[in-house]
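Participant: output the structure for:
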Amino acid sequence: KIGQKATGAGARVIRDKAKAKAPIAPQDYTVEGVLVKRGNLPKKIAIKAVPKSKRSMEAETLVYVRGKRKDGYANRIGQLQEFGTVKMEANPFMRPAFVEGKEDAVQAIKETLEKELTKVGA
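Facilitator: Residues are numbered from 1 along each chain as shown. As a prediction, this is how the structure comes out:
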């Protein structure tokens, strides 16, 4: 549980940087009949703990873009922005967020581990 809490703290740092860097559409638009509000992409950047078996000592948390129809296909829009298309240059926001935030994320993980381990007396 402590490891999961720590990786979550690090993932929140990266998520927040990605939200700040995510491109925002100039206006609302429609994708396959779904109205997508301006600023949808940053709102759909989330974190998710990867479940592991109870005996495992591993902890993993993902930073991702939600992508279902109800989310305005933000995942697909994010991919197109991140990697570009034949007709559009790439406008990466996830990779730069990781590069900029990895040191802060490691620090957040370290601080969380220290705090939680002192709580349990380890």
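Participant: who touches the nearest residue to residue 26 once chain neighbours are set aside in this structure?
Facilitator: Distances taken as C-beta to C-beta, 6 or more residues apart in numbering put residue 38 closest to residue 26, at 7.3 Å, once the chain neighbours are dropped. Glycine gets a C-beta too; all of them are placed from N, C-alpha and C. Residue 38 is in contact with 24-28, counting by C-beta atoms under 8 Å, 6 or more residues apart in numbering.
Participant: switch the cut-off to 6 Å
Facilitator: By C-beta atoms under 6 Å, 6 or more residues apart in numbering, the contact set of residue 38 is 25, 27-28.
Participant: would you turn those residues into JSON lines with pLDDT, distance to residue 113 and secondary structure?
Facilitator: JSON lines is the format used below for the contacts of residue 38 (pLDDT from 0 to 100; distance: C-beta to C-beta, whole Å; DSSP: H, G, I helix; E, B strand; the rest coil):
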{"residue": "25", "pLDDT": "85", "distance to residue 113": "39", "secondary structure": "coil"}
{"residue": "27", "pLDDT": "90", "distance to residue 113": "44", "secondary structure": "coil"}
{"residue": "28", "pLDDT": "88", "distance to residue 113": "43", "secondary structure": "coil"}
